[in-house]
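*Asks:* Below are the sequence and a predicted model for it; my questions follow.
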Amino acid sequence: MSGVRIRRAELTDREAVIDGIGDVYWGLDYLPDLYTQFVTHPDFLSFVAVDGQEVIGFYSAHIHDGGLAVCKRAARVKKQHDGTGVLKLLTTHLEREVRQLTTVRRESMTCGSENAARISESYKQRKGLREVMRMQFLFWEVAVGTLPSVERSQSPNVAEMTSADLEALFAHEQSRKRIFPQDILSSFFVPFRCRPENMAHFINDRASCVASYRADDTTPGSDVTPHVKTVTSAGDVEKITLLSASFVYRARKGHSYNVTFFGTEYADLEAHLFYHVHKLQRFGHETVILSLVFLQEFAPLVLERTKTFLGQFGITRSQYPAIDHSIFFESDFGGQ
Ligand SMILES: CC(C)(COP(=O)(O)OP(=O)(O)OC[C@H]1O[C@@H](n2cnc3c(N)ncnc32)[C@H](O)[C@@H]1OP(=O)(O)O)[C@@H](O)C(=O)NCCC(=O)NCCS
């Protein structure tokens, strides 16, 4: 271990990180597509571990929540060096650099169930890591070319949100708490808080947010959500029943289309699925990996209904065992 040093990751390390360390998520790794962002965007501090000339590890700090939080992301260490303390070296260095920013008060990391089991109790205690939520992942392989045509009109009460809609939802406390009971709007393993500074992560070239709206004659919180013919007022956040945030990236296996659901009423689940299946048609003849992500407590309900719904389009489940669910941990930043 003594010869290993940590330095900032550069664009020129791309090949060594991506090809040298390899795809750590069974062909679904997001880092190949996002590497440039991870090493050039001012919100990211990314590091490599180097042994002699060889890059053997990578780790990144993503600063968010207006500088108040850091999410440690994309950890990976070359297989031959696994278990030799490389991640620990990267962590110490990363934390030292983040501390210099002085604004960061909270840290987080998210692990698949298999990795979470590798984190020792003593490490969790030392860091003060607490579990904040578990998200279930369901993967589906979609042969887009063979999909029957899905019209947008089949999900009439679902509408894409603008930044103004999302900001209005964040500002409306009662609705915000109903849709985000943990006050967390997660995207791809990052537990963003519902703050305006984070909106750009949810509405951009790769990402969008979609909401379903209840009819006028029901009250918020009611279990009954009739499907309405048109969206009466997209800005009326009290009528939002369920929100789904999508994020697209290119992985080795093909495009990955990730949808995370927020809310506790799932009456409009199928309307959202219609919308997303419709969106998938833009991928032409590709096979797309669709992943549906939601709070683990809804797993039995969502699994049955998505199976039935997606089954009618010939979409089959394709589970990756080591990422059946993700555990989000947080701690105060500064712990040892
Ligand atoms: C997970 C991985 C990065 C661990 O790297 P490593 O260099 O073998 O880890 P180390 O030898 O430094 O030991 C890990 C230490 O960090 C802790 N730890 C913190 N976060 C961890 C995590 N996400 N996974 C595993 N251990 C973690 C462990 O408890 C251990 O500390 P301890 O010895 O005090 O108990 C490596 O196995 C890997 O590249 N796996 C494939 C990619 C992957 O799954 N990334 C993780 C995403 S969460």
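*Replies:* Yes, it's here. Bear in mind that the values here come from a model prediction, so they are computed numbers and not experimental data. Numbering: from 1, shown residues only.
*Asks:* Please count neighbours and contacts with C-alpha atoms only from this point.
*Replies:* Will do.
*Asks:* just the strands in the stretch 201-336 of the chain please.
*Replies:* 207-213, 240-251, 254-262, 287-295, 316-317, 325-332 (DSSP state E, counting those that start in this stretch).
*Asks:* So what pairs up with residue 242 in the strands?
*Replies:* Counting by DSSP bridges, residue 242 is bridged to residue 212.
*Asks:* contacting residues around it?
*Replies:* By Cα atoms under 8 Å, 6 or more residues apart in numbering, the residues touching residue 242 are 179, 211-213, 261-266, 268-269.
*Asks:* let's see it at 10 Å
*Replies:* By Cα atoms under 10 Å, 6 or more residues apart in numbering, the residues touching residue 242 are 158, 178-180, 210-214, 261-269, 271-272.
*Asks:* For residue 116, find the nearest of the strands of the stretch 201-336 of the chain.
*Replies:* strand 325-332 (7.1 Å; Cα to Cα).
*Asks:* Just the residues contacting that closest one, thanks.
*Replies:* Defining contact as Cα under 10 Å, 6+ apart, one finds that strand 325-332 is touched by 69-71, 104-116, 124, 127-138, 186, 189-191, 293-296.
*Asks:* Just the buried ones from those residues, in PyMOL syntax?
*Replies:* To isolate the buried ones among the contacts of strand 325-332 in PyMOL, judged by 16 or more other Cα atoms under 10 Å, type:
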select buried, resi 69+70+71+104+106+107+108+109+110+111+112+113+127+128+129+133+134+135+136+137+138+186+189+190+191+293+294+295+296
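*Asks:* would you turn the strands of the stretch 201-336 of the chain into TSV with mean pLDDT and distance to residue 302?
*Replies:* Shown next, in TSV, are the strands of the stretch 201-336 of the chain (pLDDT from 0 to 100; distance: least, Cα to Cα, whole Å):
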stretch	mean pLDDT	distance to residue 302
strand 207-213	94	16
strand 240-251	96	13
strand 254-262	96	10
strand 287-295	94	8
strand 316-317	87	13
strand 325-332	94	14
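*Asks:* Take these and lay them out in a markdown table including distance to the ligand.
*Replies:* Output for those, formatted as a markdown table (distance: least, Cα to the nearest ligand atom, whole Å):
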| stretch | distance to the ligand |
| --- | --- |
| strand 207-213 | 22 |
| strand 240-251 | 15 |
| strand 254-262 | 18 |
| strand 287-295 | 17 |
| strand 316-317 | 22 |
| strand 325-332 | 9 |
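*Asks:* could you dump those strands to a markdown table with distance to residue 53?
*Replies:* Listed next are the strands of the stretch 201-336 of the chain as a markdown table, based on distance: least, Cα to Cα, whole Å:
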| stretch | distance to residue 53 |
| --- | --- |
| strand 207-213 | 37 |
| strand 240-251 | 27 |
| strand 254-262 | 32 |
| strand 287-295 | 36 |
| strand 316-317 | 42 |
| strand 325-332 | 34 |
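*Asks:* Those residues of the stretch 51-200 of the chain touching the ligand, which are they?
*Replies:* 74-77, 82-88, 110-111, 115, 118-120, 123 (Cα under 6 Å from any ligand atom).
*Asks:* so of these, which ones are in strands?
*Replies:* 74-77, 110-111 (DSSP state E).
*Asks:* Farthest-apart pair in those residues, please.
*Replies:* Maximum distance among those (Cα to Cα): 16.4 Å, for 77 and 110.
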